[in-house]
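*Asks:* sequence below, structure please.
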Amino acid sequence: MLNPVRAIIEQIGRLLARLDLIDRSRARRIAELAWPRIVTGLARMSKATADVGMVGIALGPAAIAGVGYGVPYWTMTFMLGGGIAGGTISLVSQRYGAGRYDEIGRAVRVSVVAALLVTLPLVVVFWTLPEPLIRLIGTGDEAIAYGTRYLQVASLAMPFSALNLIGSRTLIGADDAWTPMIVRAGGAVVNVGVNAVLIFVFHLGVVGAALGTVIGSIGGVVILGWGLAQGRLPGIGPLPVQINWRAPYWNRPDARHLARISTPLALRKVAQNGGQFPLLAIVGLFGADVVAAFVVALRVRALMNTPGWGFGLASSSLVGQSLGAGREPAADAYARDTLRFTVAAYVVVAVAVFLVAHPVSGLFVSEAVVRDTTTALIRAACVSVLLWGVMNGAMGPLRASGDTTWPFYGQLLGLFGFALPLAYLGAVTPLGIWGLYGTLFVETAVPAAVIYYRFRTEKWKLISRAHRSAAVGSAS
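*Replies:* As a prediction, this is how the structure comes out:
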């Protein structure tokens with residue numbers, strides 16, 4: 001799996017370089033940092049997609065709908081952790097670029113504390129109140145029962161998922177995308193096997209899918225945490241950074257700087273994920289079969305979005321390192337080349353999946369009507385994901401520089417100003433399923449337009465100058 005992904009990414013880079021759309025040397029550097037993260041994303045999203053497929057095969061569309069109702073809740077904490085990890089990569093990459101290696105550990109320890117403070121209270125809520133929460137958005141007693149069982153167990157993975165993200169972003173910010181790929185992608189592959197045993201051998205159904213997620217998340221934290229403490233991992237070798245896990249775990253200047261960057265990122269992710277609650281409630285008005293088809297389309301779109309995992313983080317790391325070293329022209333060049341590289345990769349992925357949408361839908365559902373609906377929604381998701389490519393490509397420089405407020409505004413506008421009203425119109429007017437096609441499109445098109453506009457203004461460079469002294473650790 002590794003060589004084909006790398007070969008495709010490098011071939012896209014070479015083609016763009018031959019067309020004089022990006023610089024050849026920067027294309028190589030971007031590809032080197034992006035492709036391991038894309039493999040990680042493919043493995044992890046494949047694992048999540050396989051979970052949906054396995055529970056669908058074992059238990060039917062109601063189980064798919066139930067998992068779909070549970071996923072936005074437990075993903076909420078994952079999104080909060082991802083926002084904090086976005087601040088982590090900004091701090092780490094700029095300090096790494098400035099040669100302030102001794103300040104990196106402090107930023108990481110503060111990030112760990114912040115992630116635990118945010119995630120642990122929500123674990124308590126989701127463990128104790130899963131059924132009322134699922135009923136807020138769910139329809140159908142069987143689907144609600146599946147969603148309740150899934151959410152309660154999966155909630156235990158939340159803090160570990162957030163810590164995994166922080167460990168991964170720490171290494172990527174220090175120019176090491178290989179180690180997170182080995183640990184997290186390898187864990188995801190093992191996770192699929194564990195889930196298959198739990199679902200089909202022990203007949204644990206949705207609980208088995210959730211339990212496998214918990215086991216995999218804990219394993220990733222143990223490996224990354226131990227490796228960062230030692231500064232190396234067996235079979236991989238030395239890591240670019242070493243973290244001293246001894247106290248102190250809090251530093252006020254670092255915490256303030258992390259909060260300034262991470263809060264808009266976390267809020268954007270929460271808005272993006274939070275919109276799934278009313279969205280699924282509205283989709284429920286179409287019936288359980290459409291909910292199942294919509295959930296499958298969302299999982300396939302998430303899988304198609306994995307290039308953004310690599311290119312977005314590559315951009316944040318390379319732009320952040322250049323900013324930390326005071327080289328704004330290099331930061332601008334990396335930002336623009338990565339954006340073009342990202343969009344080109346998304347075009348390749350979207351066209352490929354559009355052409356095979358019908359056989360892909362057959363992997364999840366067998367009923368003819370549900371399969372036809374699923375195919376149509378997957379193809380709408382293929383169009384939608386192209387705009388996600390623009391969003392991810394333009395987001396990297398904003399995240400690296402600390403300019404993270406506008407993406408939050410764009411996400412709110414897209415979801416609550418356009419996507420949800422369009423879905424509701426589809427449910428209550430003759431617009432019907434076309435409302436859901438449009439919802440998938442505007443959900444990504446609107447924030448992509450906002451983020452791209454902000455990127456083109458180049459205000460992120462000015463904001464970077466204001467943040468830079470704190471980012472490279474002058475405060476103590």
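*Asks:* for stretch 360-377, buried residues please.
*Replies:* Buried residues in stretch 360-377, counted by 16 or more other C-beta atoms under 10 Å: 360-361, 363-365, 370-371, 373-377. Where you see a C-beta, it was placed from the backbone N, CA and C, and this is true even at glycine.
*Asks:* can you pick out the most distant pair from those residues?
*Replies:* The largest separation in those, counting by C-beta to C-beta, is between 363 and 376 at 15.9 Å.
*Asks:* so residue 99: helix, strand or coil?
*Replies:* Per DSSP: H, G, I helix; E, B strand; the rest coil, the secondary structure class of residue 99 is coil.
*Asks:* neighbours of it, how many?
*Replies:* Residue 99: 11 surrounding residues under other C-beta atoms under 10 Å.
*Asks:* for it, grab phi and psi.
*Replies:* In terms of degrees, to the nearest 10, the main-chain angles of residue 99 are phi 80, psi 20.
*Asks:* now the spatially closest residue to residue 416 that is not a sequence neighbour: how far from residue 417?
*Replies:* Nearest residue to residue 416, sequence neighbours excluded (C-beta to C-beta, 6 or more residues apart in numbering): residue 275, at 6.8 Å. The gap separating residue 275 from residue 417 is 11 Å, by C-beta to C-beta, to the nearest Å.
*Asks:* more neighbours: the two, which one.
*Replies:* A direct count of neighbours by other C-beta under 10 Å for residue 275 and residue 417 places residue 275 higher, at 21 against 12.
*Asks:* so what's the backbone phi/psi at the more buried one?
*Replies:* With angles defined as degrees, to the nearest 10, residue 275 sits at phi -60, psi -20.
*Asks:* ok, now which ones touch the closest residue in space to residue 337 that isn't next to it in sequence?
*Replies:* Using C-beta to C-beta, 6+ apart and skipping residues adjacent in sequence, the residue nearest residue 337 is residue 22, 4.0 Å away. Residue 22 is in contact with 13, 16, 30, 337, 340-341, counting by C-beta atoms under 8 Å, 6 or more residues apart in numbering.
*Asks:* what about residue 218, how many residues nearby?
*Replies:* With other C-beta under 10 Å as criterion, residue 218 counts 18.
*Asks:* that one and residue 245: what is the separation?
*Replies:* Counting by C-beta to C-beta - residue 218 and residue 245 are separated by 17 Å.
*Asks:* check residue 388 too.
*Replies:* From residue 388 across to residue 245, the span is 36 Å (C-beta to C-beta).
*Asks:* with residue 58 instead?
*Replies:* Residue 58 sits 41 Å away from residue 245, going by C-beta to C-beta.
*Asks:* who has more neighbours out of those two?
*Replies:* Higher neighbour count among residue 58 and residue 245: residue 58, with 17 against 13, using other C-beta under 10 Å.
*Asks:* on the three-state scheme, the closest residue in space to the more buried one that isn't next to it in sequence is what?
*Replies:* What sits nearest to residue 58 in space, not counting adjacent residues and going by C-beta to C-beta, 6+ apart, is residue 199, at 5.5 Å. When classified by three-state DSSP, residue 199 comes out as helix.
*Asks:* circling back: and the buried residues of stretch 360-377 as a markdown table, adding distance to residue 160, secondary structure and pLDDT?
*Replies:* Putting these into a markdown table (distance: C-beta to C-beta, whole Å; DSSP: H, G, I helix; E, B strand; the rest coil; pLDDT from 0 to 100) gives the following:
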| residue | distance to residue 160 | secondary structure | pLDDT |
| --- | --- | --- | --- |
| 360 | 30 | helix | 90 |
| 361 | 32 | helix | 89 |
| 363 | 28 | coil | 82 |
| 364 | 27 | coil | 81 |
| 365 | 31 | coil | 76 |
| 370 | 34 | helix | 83 |
| 371 | 35 | helix | 89 |
| 373 | 35 | helix | 92 |
| 374 | 32 | helix | 93 |
| 375 | 35 | helix | 95 |
| 376 | 37 | helix | 95 |
| 377 | 32 | helix | 96 |
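*Asks:* how about a markdown table for those residues, with distance to residue 179 added?
*Replies:* Output for the buried residues of stretch 360-377, formatted as a markdown table (distance: C-beta to C-beta, whole Å):
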| residue | distance to residue 179 |
| --- | --- |
| 360 | 31 |
| 361 | 36 |
| 363 | 31 |
| 364 | 33 |
| 365 | 38 |
| 370 | 41 |
| 371 | 40 |
| 373 | 41 |
| 374 | 37 |
| 375 | 38 |
| 376 | 40 |
| 377 | 36 |
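*Asks:* let me see the contact set for the residue nearest to residue 416.
*Replies:* 415-416, 419-420, 443.
*Asks:* what's the distance between it and residue 183?
*Replies:* Per C-beta to C-beta, residue 275 is found 31 Å from residue 183.
*Asks:* and residue 229, by the same measure?
*Replies:* According to C-beta to C-beta, residue 229 and residue 183 sit 14 Å apart.
*Asks:* the two - which one has more neighbours?
*Replies:* Set side by side, residue 229 and residue 183 show more neighbours around residue 183, with 24 against 14, by other C-beta under 10 Å.
*Asks:* now do the SS call for that one.
*Replies:* At residue 183 the chain is in helix, as set by three-state DSSP.
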